[in-house]
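Student: Fold the following.
(one chain, ligands or ions: 1)
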Amino acid sequence: MTVNKLETALEQTLANGDKIFIPYIMAGDGGLDKLPEQIQFLAEAGATAIELGIPFSDPVADGPVIQAAGIRALSLGVSLRAILEVLKATKGERSIPIVLMTYFNPIYAYGLEQCLADCAEAGVSGLIIPDLPIEEEGEIPELIADHDLALIRLATLTSPRERLTKIATKTRGFLYAVTVTGTTGERNEYIDSIGDYLSNLKQVSPKPVVAGFGVSTPEQVKQLSSYCDGVIVGSKIVKSLHEGNRDTIEELILATKS
Ligand SMILES: O=P(O)(O)OC[C@@H](O)[C@@H](O)c1c[nH]c2ccccc12
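Tutor: Sure thing, here's the model as predicted:
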């Protein structure tokens, strides 16, 4: 029951009075053999779930830090297939839910049905596919649900209210609330209406609302998660892991604890 694993972890975090913290890491950055230990470190540091990026040659939504991590992983020959094999082999060792963040192309190249079956077998709980807008999903959400995986939808600042409501109703697991316009990466400030945007999403979303993009300090973690159910941090985590600066990661996670 992989979807349940994700939803239970999110619910438990909120029931404890904490906020959700989902770190994004690039699979295979530093070598795929490092992945199980990186996951274990983040789980022990108190992460709720992990968003695992699949390296891809044309990552249109990624800023410089994540692009560079993807290039490092690709240069080591890291593939979706190899990542799923590592996840499958280490499934019994971890209890933290894993969500894959991948552009649609690697899934398509793998073969949709086979990829979903292998994700489920590897113990993956959900998928974030940023270049699959709801207008173009077709039958894909049903196939994903048939494999007991959550398709996590993204809400963006530029979506009209009606579209946001549709996205919020359709999302599974949680709603990913993108907090900036543009690509991933650290930001110094958010738009003034960020609180209203997140509070509105909370009102229309039956699932937890988790804010991501541009979050890199404990203060930002606290600020954004005060309007919703928690945060996703990508670039800052990727950079800190790469530089061996793990204290920074622990401090970010600590900011979500009550
Ligand atoms: O790096 P940031 O600004 O902290 O943002 C999170 C983000 O990296 C992660 O969720 C992500 C990485 N690549 C993406 C592509 C689309 C949507 C989300 C993502």
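
Student: Please make it C-alpha for all contacts and neighbour counts, starting now.
Tutor: Will do.

Student: which residues sit in contact with Thr217?
Tutor: Shown in contact with Thr217 (CA atoms under 8 Å, 6 or more residues apart in numbering): Leu252.

Student: For it, give me phi and psi.
Tutor: Thr217 adopts backbone torsions of phi -130, psi 160, taken as degrees, to the nearest 10.

Student: now Phe21
Tutor: Note on Phe21: backbone dihedrals following degrees, to the nearest 10 are phi -130, psi 120.

Student: Identify the residue nearest the geometric centre of this protein.
Tutor: Centroid-nearest residue in the chain: Glu51, 3.4 Å away (criterion: CA atoms, centre = their mean).

Student: what's the offset of the helix or strand in which that residue is found from the middle of its chain?
Tutor: Assigned by DSSP states H and E, Glu51 belongs to strand 50-53. How far strand 50-53 lies from its chain's middle: 5 Å, per CA atoms, centre = their mean, to the nearest Å.

Student: tell me what it is packed against?
Tutor: Identification of packing neighbours for strand 50-53 by 3 or more CA pairs under 8 Å, 6 or more residues apart in numbering; DSSP states H and E yields strand 20-26, strand 98-101.

Student: Of those, which is nearest the ligand?
Tutor: Across the helices and strands packed on strand 50-53, the ligand has its closest neighbour in strand 20-26 (5.5 Å, CA to the nearest ligand atom).

Student: Kindly format the C-alpha coordinates of that closest one as CSV.
Tutor: C-alpha atoms of strand 20-26 as CSV (Å, rounded to 0.1, in the frame of the first residue of the first chain):
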residue,chain,number,x,y,z
ILE,A,20,5.7,18.5,6.8
PHE,A,21,9.3,18.7,5.5
ILE,A,22,10.1,17.1,2.1
PRO,A,23,13.7,17.4,1.0
TYR,A,24,14.4,17.1,-2.7
ILE,A,25,17.6,15.3,-3.7
MET,A,26,18.9,14.4,-7.1
